[in-house]
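[1] Pasting a predicted model and its sequence here:
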Amino acid sequence: MDVSFPPNPSTAAGVLGPPVCPNISFFHRFMDFPALFANIPLFHSTLLLVIALAAGGMIAVTVWLILQRCSPVFIGVSWLFFFLILFVGMCHVRDREQDYHKEWEQNLIGLARSIARETEMRGHWKIAPKDSKTPTAPDDPTYRGILEYHSSLCRDIPLIAYVFTLRRDRGEEKKVHWIVSCETDVNRDGEIKGPKETGEAIYSPYDEYFDVYTRGFNGEVAMDEDVVSDEYDGRFVTVVAPLCDPEENVEAILGIDFRWDLWMSLTWQMRHASTQLLALVLFLYLGALCFFAVLQRTVNRLRHMNQELIAAKKAADAGAKAKSDFLANMSHEIRTPMNAMIGFTEILTQRVFQTCRQDDRESLEGIIEIIRKSGQDLVTMINDILDFSKIEANLLEIESVPLSIKQILEDIWKMEMTNVVSKHLDFSIKYKEPIPELILGDPVRLRQVLTSLVDNAIKFTEKGAVTVHCETFSPPQTDIGYKSDPHHISEDSTIFRDPRNPYPGSTMLRFDIIDTGIGITQAQIDNMFQPFTQIDGSTTRRYGGTGLGLSIAKRLAQLMDGDISVTSKPNLGSTFTLTLHVYLPSEYESSILMDKKSQGQSTLEPGLEIRAPKADPPPEEEKQSTDRTKERPLRNARILLVEDMFVNQLVISTQLRDAGAMVEIVANGELGVQKVNQDMDNGLFFDVILMDMQMPVMDGYEATSTLRSQGYHRPIIAITAHALTGDREKTIEAGCDDYIAKPVDRVALVDTIKKFLK
């Protein structure tokens, strides 16, 4: 027997409802929304509970979103999606139940067809009609076999309540009589009683006739659309199938009453499964809504914080710019009178030396020297404060250009000779070979750090010696603390790296500045690199200083990928150690730099020890100094000074004229451009133009750019009281050939002009 059973109830869903076309579109179902709510079976208790809980949860989430100050648009869209999910879920529940109903209907029809075939095979057509000459008796084997088979179906398949066969009365289309009416326990009470349970006798008339019987007699396997109730308190749905004789003529119909209550219990399980799926989707939606609300609030908070950070950065940048502008203005305002004081001091020194008697000269020179030294100390303090401010404002940039270590040490040796001679100290520079001829670094800042350490050693040493040791050693393999980029070359440098010549490597430089001075305690060492820190009050009063020198030196060393350390013993001396991680330039860069220095090479030979004399300069040196004052190195040089302040005009022009130059003065950049053009029209040219950069009417930057755009190619040297990071670069970018900061040093001024006169 071919029997097809329904699918597993746990894996299907559906309800028996009004007939619905399985191909109806979602749009049509949406348009039939009132009919959806009119479908009473859809709103069962479980679904109503899910809807109520989901609505309550959505209301709670909405209140929370309002408290979180979420956008009303976001809340409205959330409700829109909630109703959409609810509607689609309800449609899904109904559709799944209808699909399940259709599936079960097909299975029941298939089961009825299988039972009908088996009944045919058992010879139902052999049962004689009731009006035949030899009607089939109740004890006929064929009849009894079919009866027993139907009874076994009722016993073994819980879904089947009753199985029977009917034939039409001859000549009466809608009258039928029983053929096989099995004995079965319809109400499942364990007893067989009553006419339906004991079965109808063969050939008994059947008083009722349903339309589905006609479909069966027409050869169709069909299910009655009506659910029938009877006296046994049961609800049944009937499926009929035709029974054919060997000639394929329909001779009777097979009817099966399926238990509606059992079928619906399975269908309700599917309904609850679909409802639980809808509940899960709604729960996940509410959770996702909360998550996205939190995420949105977090994003908004981060966006707000980002905006605050941007505003704070703008404020900090504005503060840094204001600080930079303030420093630039203060530098200009302070350096301008300092330029006059120091410049006139040097001029006065020359006048006293040239005109006064020997006795008056000695007394006046002492006074003038005090003024000069005080001015230089003030400039040093200003420079320290400016450098510290630049470092604190992160405005200080470190260059990376090829430089000579030995040349820098030689310059320091020359600068410090006067101090060590006056204090009768032994000052020497020693090397431990090999020392690289050139390294990549910032020559200005390296010289500043070494000068600060040497000055500090000389200041605190009353007797004995100050020694500078220089050596190299290999950098550690695990060193990751250095930040230098060996491929970074300053744009101001004329040295450029050939891509075919990579940097050969790096090395560690060590400078030990050893003195035999007063020494320092460990407690003092711990604080000595802090800004504005002195060893103690008595030392401050005795030696002076701003307390910024060592702090600036250490920070500059760290910016150059190095550090400064110190060891000391009180009354025995101190050793300051500067360690730098440096890169070596390529051969291409080295050759260009050596070509530039070919006319003025360092006097330091490998392994040479330079020692400053302890005694006062011999009379020959004094004589040479006297002769130098009488030299006129700028003799017949024609110089244009563009300067707006009268005091600076007087100081600089006097210094230049004393050096033999012919000086013409104009008060602003516009007059300077006019003067140059007039002289060029007359065939005259200035050897050098000294251009102040901050002037009324037209400043030095615009004047220089104008002259360069007009094709003027002779030297222009910037003279400005601005001394912050980027000022030199700004003047070079405007077209200047060099840069001199105020207060103007006479020797530096003359030497710079001489370089361009050559």
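    On my side now, so go ahead.

[2] Run through the helices of the stretch 501-650 of the chain in chain order.
    Taking DSSP state H, counting those that start in this stretch, the helices of the stretch 501-650 of the chain run over residues 522-527, 537-543, 549-559, 587-596, 619-630, 646-658.

[3] Quick check: pLDDT value at the most centrally placed residue in the chain.
    Geometric centre of the chain, nearest residue: residue 306, 11.6 Å, by CA atoms, centre = their mean. Per-residue pLDDT puts residue 306 at 90.

[4] next helix or strand past the one helix or strand it maps to?
    Using DSSP states H and E, residue 306 sits in helix 260-355. Next helix or strand after helix 260-355 toward the C-terminus (DSSP H and E): helix 358-392.

[5] Just the buried residues of that following helix, please?
    361, 364-365, 368, 372, 375, 378-379, 382-391 (16 or more other CB atoms under 10 Å). Yep, even glycine has a C-beta here, placed from its N, CA and C like the rest.

[6] In terms of pLDDT, where does the residue lying farthest from the centre of the chain sit?
    Within the chain, the residue lying farthest from the chain centre (CA atoms, centre = their mean) is residue 133, at 102.3 Å. If you check residue 133, the pLDDT there is 82.

[7] How about the one 5 residues further on?
    Residue-level confidence at residue 138 comes out at 86, pLDDT.

[8] Make sure residue 426 is actually in contact with residue 461.
    No. Using CB atoms under 8 Å as the test, residue 426 is too far from residue 461 to be in contact (9.9 Å).

[9] okay, the two: which has more neighbours?
    residue 461 (22 against 16; other CB atoms under 10 Å).

[10] Would you confirm that that one belongs to a helix?
    No. Under DSSP: H, G, I helix; E, B strand; the rest coil, residue 461 sits outside any helix and is assigned coil.

[11] Now it: closest residue in space, sequence neighbours ignored.
    In space, residue 461 comes closest to residue 517 once its chain neighbours are excluded; the distance is 3.7 Å by CB to CB, 6 or more residues apart in numbering.

[12] How about residue 222?
    residue 215 is the one closest to residue 222 (CB to CB, 6+ apart), at 4.2 Å.

[13] what about the one you found, how many neighbours?
    By other CB under 10 Å, neighbour count at residue 215 equals 17.

[14] now residue 294
    Neighbour tally, residue 294, other CB under 10 Å: 12.

[15] what stretches of the stretch 501-650 of the chain score poorly on pLDDT?
    Regions of the stretch 501-650 of the chain meeting the criterion pLDDT under 70 cover residues 501-504, 531-547, 587-631.

[16] Which parts of the stretch 651-758 of the chain are helices?
    All helices of the stretch 651-758 of the chain, identified by DSSP H, counting those that start in this stretch, fall at 669-681, 700-709, 727-734, 746-757.

[17] of all the ones you listed, which lies closest to residue 634?
    helix 746-757 (6.1 Å; CB to CB).

[18] which helices and strands does the closest one pack with?
    The contact analysis (3 or more CB pairs under 8 Å, 6 or more residues apart in numbering; DSSP states H and E) places helix 746-757 against helix 646-658, strand 688-692, strand 716-720, strand 738-741.

[19] Output the last one as PDB - backbone C-alpha positions only.
    In PDB, the C-alpha atoms belonging to strand 738-741 read as follows (Å, rounded to 0.1, in the frame of the first residue of the first chain):
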ATOM      1  CA  ASP A 738      72.100  85.800   3.500                       C
ATOM      2  CA  TYR A 739      70.700  86.800   6.800                       C
ATOM      3  CA  ILE A 740      72.100  88.800   9.800                       C
ATOM      4  CA  ALA A 741      70.200  89.100  13.000                       C
END
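
[20] Centre of the chain to that strand, how far?
    Mean-position distance between strand 738-741 and its chain equals 42 Å (CA atoms, centre = their mean, to the nearest Å).

[21] now swap in the second one and tell me
    In terms of CA atoms, centre = their mean, the centre of strand 688-692 is set 48 Å apart from its chain centre.

[22] Adjacent strands (with direction) for it?
    If you go by DSSP bridges, strand 688-692 pairs up with strand 638-642 (parallel), strand 716-720 (parallel).

[23] for that strand, what is the average pLDDT?
    93.

[24] just stretch 226-244 next, same as before
    The predicted model assigns stretch 226-244 a mean pLDDT of 78.

[25] shouldn't residue 457 be in contact with residue 568?
    No. Look at residue 457 against residue 568 with CB under 8 Å: they stay out of range, at 11.0 Å.

[26] And the two? Which one has more around it.
    Neighbour count, other CB under 10 Å: between residue 457 and residue 568, residue 457 has more, with 25 against 20.

[27] Now the more buried one: which helix or strand?
    helix 443-459.

[28] And the contacts of that helix?
    Applying CB atoms under 8 Å, 6 or more residues apart in numbering, the contact partners of helix 443-459 are 387, 398-399, 401, 403, 408-409, 411-412, 415-416, 419-420, 423, 425, 427, 466, 468, 511, 513-515, 517, 543, 545, 549-550, 552-553, 556-557, 559-560, 564, 574, 576, 578, 580.

[29] in the helix or strand following it, what's buried?
    Downstream of helix 443-459, the next assigned helix or strand under DSSP H and E is strand 465-473. Across strand 465-473, burial judged by 16+ other CB under 10 Å covers 465, 466, 467, 468, 469, 470, 472.

[30] how far is strand 465-473 from where the chain is centred?
    Taking mean C-alpha positions (CA atoms, centre = their mean), strand 465-473 and its chain are 46 Å apart.

[31] Could you list every helix and strand in contact with it?
    In this structure, strand 465-473 packs against helix 405-422, strand 426-432, helix 443-459, strand 506-515, with contacts taken as 3+ CB pairs under 8 Å, 6+ apart.

[32] what angle separates that strand from strand 426-432?
    Counting by axes from the mean of the first three to the mean of the last three CA atoms, to 10 degrees, strand 465-473 lies at 10 degrees to strand 426-432.

[33] Provide the strand pairings for strand 465-473, with the direction of each partner.
    strand 426-432 (parallel), strand 506-515 (antiparallel).

[34] Nearest approach to residue 141 belongs to which of these?
    Closest of these to residue 141 is strand 506-515, at 112.6 Å (criterion: CB to CB).

[35] I would like the residues contacting the closest one, please.
    Residues from elsewhere that reach strand 506-515 (CB under 8 Å, 6+ apart): 405, 436, 439, 450, 453-454, 457-458, 460-461, 464-475, 484, 486, 562, 573-584.

[36] Next, format the buried residues of strand 465-473 as JSON lines and append pLDDT.
    What follows is the buried residues of strand 465-473, written out as JSON lines (pLDDT from 0 to 100):
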{"residue": "465", "pLDDT": "91"}
{"residue": "466", "pLDDT": "92"}
{"residue": "467", "pLDDT": "93"}
{"residue": "468", "pLDDT": "94"}
{"residue": "469", "pLDDT": "93"}
{"residue": "470", "pLDDT": "93"}
{"residue": "472", "pLDDT": "89"}
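
[37] any idea which of those is closest to residue 255?
    Of all the buried residues of strand 465-473, residue 255 sits closest to residue 472, with 111.5 Å by CB to CB.

[38] Please report how far that closest one lies from residue 551.
    Computed as CB to CB, to the nearest Å, the residue 472 to residue 551 distance reads 27 Å.

[39] do the same with residue 430
    28 Å.

[40] of those two, who's got more company?
    Legend: neighbour count by other CB under 10 Å for residue 430 and residue 551, higher for residue 551 (21 against 16).

[41] what separates the residue nearest to residue 706 when sequence neighbours are not counted from residue 700, distance-wise?
    Spatial nearest neighbour of residue 706, chain neighbours left out: residue 673 (5.4 Å); criterion: CB to CB, 6+ apart. Per CB to CB, residue 673 is found 11 Å from residue 700.

[42] Those two - which one has more neighbours?
    residue 700 (27 against 20).

[43] The strands paired with strand 465-473 into CSV, with extra columns for distance to residue 238?
    Converted to CSV, these look like this (distance: least, CB to CB, whole Å):
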stretch, distance to residue 238
strand 426-432, 115
strand 506-515, 99
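
[44] Would you tell me which one of those strands is buried the most?
    For the strands paired with strand 465-473, the largest average neighbour count (mean count of other CB atoms under 10 Å) is found in strand 506-515, namely a mean of 20.
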